[in-house]
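> Make a model of this:
(one chain, ligands or ions: 1)
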Amino acid sequence: MSEQTLSDPIIQFSNIKFSYDNGKNLVLDIPQWQVSRRQHMFISGASGSGKSTLLNLLSGINSPDSGELLMLGQSLTNMSGRELDKFRAQKVGVIFQQLNLIPYLTVKDNILLAVYFATKKEQLNIQNKIESLTEQLNLPLSILSKQASELSVGQQQRVAIIRAMINEPEILIADEPTSALDAQSKSAFLQLLFELVNNTNCTLLFVSHDTSLVSYFDSEVTMSELNQAAVQVQKELGDVY
Ligand SMILES: Nc1ncnc2c1ncn2[C@@H]1O[C@H](COP(=O)(O)OP(=O)(O)OP(=O)(O)O)[C@@H](O)[C@H]1O
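Numbering: from 1, shown residues only. Below you'll find the model as predicted:
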């Protein structure tokens, strides 16, 4: 395969289909989709239109039934399970709606777990890297030795950003990460997120129902534009939308 150049798309979907229940419930049917490097994309869509399922394909939780998914020019469909896990742990950072911090581990161990999945070994200068990100996110260093269960929601969200960014991913995926925040905290969260994403030239895909956030992003796509299966759901539900 030829080397990817900076102007090549970082994500490419061709004829991707994904269904639940052994093919009975087609949820994604995406003929074509491309995301450029360093794009900050806002993905919106009605409840049930497949947003989380789409992110799960990108983060490796699910694999497509058919079609081709290229990430950084590499075909994910041709990789073994182990190659895929490592590729994703190194290249893709994820912030989930529920944040998914392990409550009984310290903040530092929550972050180190992400490092371990990406490299399976200690990284040089990891302590410096963790401390630098902690400071960039305006958190005190003392938080690193606290248990995740002791943190406020706002602190947990910032730790979730650190964990997603610690391996310097090329793509950051965020699924409704601001849903539990008030307007002021939302704006502070997004400012910190964008500062970090811009400093590291990371591509950002951000899913939310909250269309008031769209002005932070340089591009937007709705699931009905992207996903033929979502168009079908909307037709069936008619006036609900
Ligand atoms: N694990 C699963 N097993 C079976 N069906 C599922 C599963 N997860 C989601 N679905 C179905 O797939 C469809 C899309 O769900 P998905 O969660 O991707 O939508 P969404 O756009 O993220 O919705 P929301 O905005 O409500 O979170 C829905 O009809 C849902 O019921």
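> What's the separation between the nearest residue to Leu105 once chain neighbours are set aside and Gln156?
Counting by C-beta to C-beta, 6 or more residues apart in numbering, Leu105 lies nearest to Ala148, which is 6.1 Å off, once chain neighbours are set aside. Every residue, glycine included, has its C-beta placed from N, CA and C. Noted for Ala148: a distance of 7 Å to Gln156, by C-beta to C-beta, to the nearest Å.
> okay, and the common contacts of those two?
Here Ala148 and Gln156 have Leu101 as joint contacts, going by C-beta atoms under 8 Å, 6 or more residues apart in numbering.
> Contact residues of this protein facing the ligand?
Proximity of the chain to the ligand, by C-beta under 6 Å from any ligand atom, involves residues 20-21, 25, 27, 45, 47-53.
> Filter these down to the buried ones.
Taking 16 or more other C-beta atoms under 10 Å as the criterion, what is buried in these is 27, 45, 49-53.
> on that earlier part again, what is the burial count for the residue nearest to Leu105?
Neighbourhood size, Ala148 [other C-beta atoms under 10 Å]: 21.
> Now name the helix or strand holding Ser179.
Using DSSP states H and E, Ser179 sits within no helix or strand.
> Just say helix, strand or coil for Gln34.
Under the three-state scheme (DSSP: H, G, I helix; E, B strand; the rest coil), Gln34 adopts strand.
> and it, what pLDDT?
Gln34 carries a pLDDT value of 95.
> That one touches Pro9, doesn't it?
Yes - in terms of C-beta atoms under 8 Å, Gln34 counts as a neighbour of Pro9; the distance is 4.1 Å.
> the more surrounded of the two?
Relative neighbour count places Pro9 above the other of Gln34 and Pro9, with 18 against 13, counting by other C-beta under 10 Å.
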